[in-house]
Structures are given as structure tokens and as C-alpha cells.
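K.L.:
build me a model:
(one chain, ligands or ions: 1)
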Amino acid sequence: MNNLKIEQDGGVVTVRLHRPHVLNALSAELLTELLDILRPLDKNPQVGCFVITGSERAFAAGADIKEMAGRTASEMAAEDYFSGWEEFAAFRTPKIAAVNGLALGGGCELAMMCDLIIAGESAAFGQPEIRLGVIPGIGGTQRLTRLVGRPKAMDLILTGRTMDAHEAERAGLVSRVVPDGRVLPEALETATVIASYGRPAVTAARECVDRALETGLGDGVLFERRVFHGLFATEDQKEGMSAFLEKRAPVFRGR
Ligand code: CO8
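P.N.:
Reported below is the predicted structural model:
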């Protein structure tokens with residue numbers, strides 16, 4: 001493992017991006033390592049949440065420009081360069097981005113593939129690809145627009161400017177802003193809470209929320225109601241509601 005540091009505490013797996021010499025620029029090798037490590041963990045019922053973080057200075061300063069710079073269009077297309085990030089986005093385990101410092105380009109796009117973004121007060125978010133003669137390529141034009149709306153997405157993507165954590169929170173990109181030193185503790189505490197809940201309900205909640213970005217209101221509400229009905233087939237629903245009525249803490253078994 002050259003580019004990542006992994007820690008596991010109970011049901012929470014923390015992945016630290018570790019390419020300090022290039023501000024955690026996202027290389028193809030980093031992506032391969034990330035997918036190789038998370039693929040089996042995503043299927044592991046004992047794992048309830050992933051936390052993705054970087055360093056104090058940079059969450060990630062984008063895709064690795066050195067690695068991309070000399071490529072031709074046909075090489076990029078033939079490799080479907082960086083399409084593997086969609087596998088990361090599709091993992092069913094909840095993902096929290098714990099962001100200190102720079103989240104630029106692919107770094108901002110990686111954070112947006114997570115379910116929550118917890119940012120330090122000094123964090124900065126942006127899609128500066130226009131300055132390199134390209135555009136976001138790992139979902140930035142799509143996810144940013146859905147999250148913050150067209151006016152702010154155009155502002156960021158056409159100017160390449162960064163926004164600070166408070167602007168990002170006001171815009172709806174960031175879930176919570178905390179003091180810089182609290183970012184990882186807050187993310188780990190939040191991940192522990194999420195990991196303590198029953199997996200069927202967590203998965204259902206994620207899928208329903210994400211469906212809101214893909215579909216119309218009527219279809220989305222119907223999808224939610226059907227999923228809600230389906231959860232009554234789980235032991236966790238019986239346990240959660242019985243525990244409430246018996247005034248005790250529930251013990252979820254993830255089935
Ligand atoms: N890729 C490679 N190396 C990088 C990157 C990067 N994205 N960002 C920083 N580095 C390297 C620098 O080259 C430098 O290396 P060296 O010490 O060998 O010169 C080192 O990290 C430290 O950086 P700086 O000296 O530049 O540090 P500063 O504090 O002066 O500046 C900045 C920090 C402002 C973040 C500056 O480094 C910068 O502008 N970086 C580039 C940011 C950027 O443009 N990101 C977008 C990249 S493109 C992208 O993400 C699109 C994804 C699309 C993928 C498409 C697939 C189909």
C-alpha cells in the first residue's frame with residue numbers, strides 16, 4: 001500500500017490518503033489501492049461506515065496532473081481513465097469525507113461521492129480544472145450542480161475559484177463545519193453512530209436520499225414508501241420498535 005493508510009476501529013474503517021509530496025493528488029495507483037482495500041470491506045457486514053480523510057494541508061489537490069499531462073485523447077478513452085471512481089461512488093457502505101485543507105478538482109469530486117462532508121474551518125473547495133484547459137472529469141459538473149445548484153456550480157467551474165468551508169456549508173455542499181482539530185474526531189464519532197444502526201435501514205435511507213437526485217418527486221416518494229414497507233420484513237424493524245416500546249436500547253443485527 002503506497003498511497004493510503006488504513007485503520008479499523010470496530011465497524012468504522014478510516015482511509016487516509018497519503019501522497020504528501022503532491023498534496024494527495026489522486027493517481028491511478030491510489031485509485032486501484034482504494035478499490036482493492038474497500039471492495040471486500042464493502043461486503044463485510046461487520047463494517048458500518050468508511051471515513052475518507054487526508055492531511056492537515058490537503059484532503060486532495062485533484063487528479064494527478066503529472067500522470068495525465070502527456071496522454072492523448074484516444075489513450076484516455078481507451079483506458080476509460082478514472083472510470084473506477086464510479087465503483088467507489090457506488091459502494092453501499094456509508095462514506096464520510098473528513099476534509100482539512102484543500103479539496104480541489106478530483107479532491108472535491110471525491111468528497112462529493114461521500115454521503116457526508118465534515119469540513120474544518122480552513123478547508124477550501126473548488127473545481128479549478130478550467131485553469132488547466134480541461135473540465136472536471138470525475139463527476140464534478142454533475143454532482144456539484146445537483147448539490148449547490150446551477151448558479152454556484154457555474155461560478156466555481158467557470159472561474160476556478162475556491163470557496164471556504166462556511167460558504168460551502170451555506171451552499172449545501174458541506175454537512176458540518178467544525179474547528180480544524182475536530183474534523184477527524186467528529187467524523188469518527190458520526191461514523192460510529194451510523195455504524196451502530198441496522199444495515200438494512202441505513203442502506204435503504206442512503207438509496208432513497210440518493211434517488212431524490214435522480215428522479216421526480218412522485219416517483220421518489222413512491223420508491224421511498226415501497227422501501228419503507230420492505231423494511232417491515234427485517235428483524236431490525238421488529239427489534240427497533242419493540243425496544244422503543246419496552247423503553248430499552250435496541251440491538252440491531254443487520255437483518
Ligand atoms: N497533481 C500533481 N501534483 C500536484 C497537484 C496535482 N493535482 N497539486 C499539487 N501538486 C504538487 C505540486 O506540483 C508540488 O510538487 P513539487 O513540490 O514537486 O513542485 C507539490 O504538490 C506542492 O504543491 P505546490 O508547490 O503547488 O503548493 P502550493 O501551496 O504553492 O499550491 C495548490 C497549492 C494551489 C493546490 C497548487 O498545487 C495547485 O494549483 N494544484 C493543482 C490543483 C488543480 O488544478 N487540481 C485539479 C487537477 S485536475 C482534476 O482534478 C480533474 C479530474 C479529472 C480527471 C479526468 C479523468 C477522466
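K.L.:
burial count for the one residue in the stretch 151-255 of the chain that gets nearest to the ligand?
P.N.:
Residue of the stretch 151-255 of the chain nearest the ligand, by CB to the nearest ligand atom: residue 160 (7.9 Å). In short, each C-beta sits where N, CA and C put it, glycine included. By other CB atoms under 10 Å, the residues close to residue 160 number 15.
K.L.:
setting aside sequence neighbours, what's the nearest residue to it?
P.N.:
Nearest non-adjacent residue to residue 160, counting by CB to CB, 6 or more residues apart in numbering: residue 128, 4.1 Å away.
K.L.:
check contacts around the one you found.
P.N.:
Taking CB atoms under 8 Å, 6 or more residues apart in numbering as the criterion, residue 128 is in contact with 62, 104, 105, 160, 161, 162.
K.L.:
one more time with 7 Å, if that's ok
P.N.:
Shown in contact with residue 128 (CB atoms under 7 Å, 6 or more residues apart in numbering): 104, 105, 160.
K.L.:
same check, this time on residue 55
P.N.:
Neighbours of residue 55 in contact, by CB under 7 Å, 6+ apart: 20, 24, 100, 101.
K.L.:
can you list those in CSV and add neighbour count?
P.N.:
Output for the contacts of residue 55, formatted as CSV (neighbours: other CB atoms under 10 Å):
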residue, neighbour count
20, 11
24, 30
100, 23
101, 23
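K.L.:
just the helices in this protein please.
P.N.:
Counting by DSSP state H, one finds helices in the chain at the ranges 28-42, 65-69, 73-79, 85-90, 106-112, 140-148, 150-159, 165-171, 183-196, 199-211, 217-231, 235-245.
K.L.:
turn those helices into a markdown table, including mean neighbour count and mean pLDDT.
P.N.:
Output for the helices of the chain, formatted as a markdown table (neighbours: other CB atoms under 10 Å; pLDDT from 0 to 100):
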| stretch | mean neighbour count | mean pLDDT |
| --- | --- | --- |
| helix 28-42 | 16 | 97 |
| helix 65-69 | 13 | 96 |
| helix 73-79 | 10 | 95 |
| helix 85-90 | 16 | 97 |
| helix 106-112 | 29 | 98 |
| helix 140-148 | 19 | 97 |
| helix 150-159 | 16 | 98 |
| helix 165-171 | 19 | 98 |
| helix 183-196 | 19 | 98 |
| helix 199-211 | 17 | 97 |
| helix 217-231 | 13 | 98 |
| helix 235-245 | 14 | 97 |
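K.L.:
interface residues of this protein facing the ligand?
P.N.:
Residues of the chain lying near the ligand by CB under 6 Å from any ligand atom: 22-23, 25, 61-66, 81-82, 102, 104-106, 128-129, 132, 136-138.
K.L.:
surely residue 131 meets residue 159?
P.N.:
No - using CB atoms under 7 Å, residue 131 is not in contact with residue 159; the gap is 9.3 Å.
K.L.:
can you give me the distance of the residue nearest to residue 160 to residue 108?
P.N.:
9 Å (CB to CB, to the nearest Å).
K.L.:
next one: residue 98
P.N.:
Relative to residue 108, residue 98 is positioned 14 Å away (CB to CB).
K.L.:
residue 141 too?
P.N.:
For residue 141, the distance to residue 108 - CB to CB - is 12 Å.
K.L.:
and residue 122, by the same measure?
P.N.:
From residue 122 to residue 108 the distance is 15 Å (CB to CB).
K.L.:
for residue 255, same thing?
P.N.:
37 Å.
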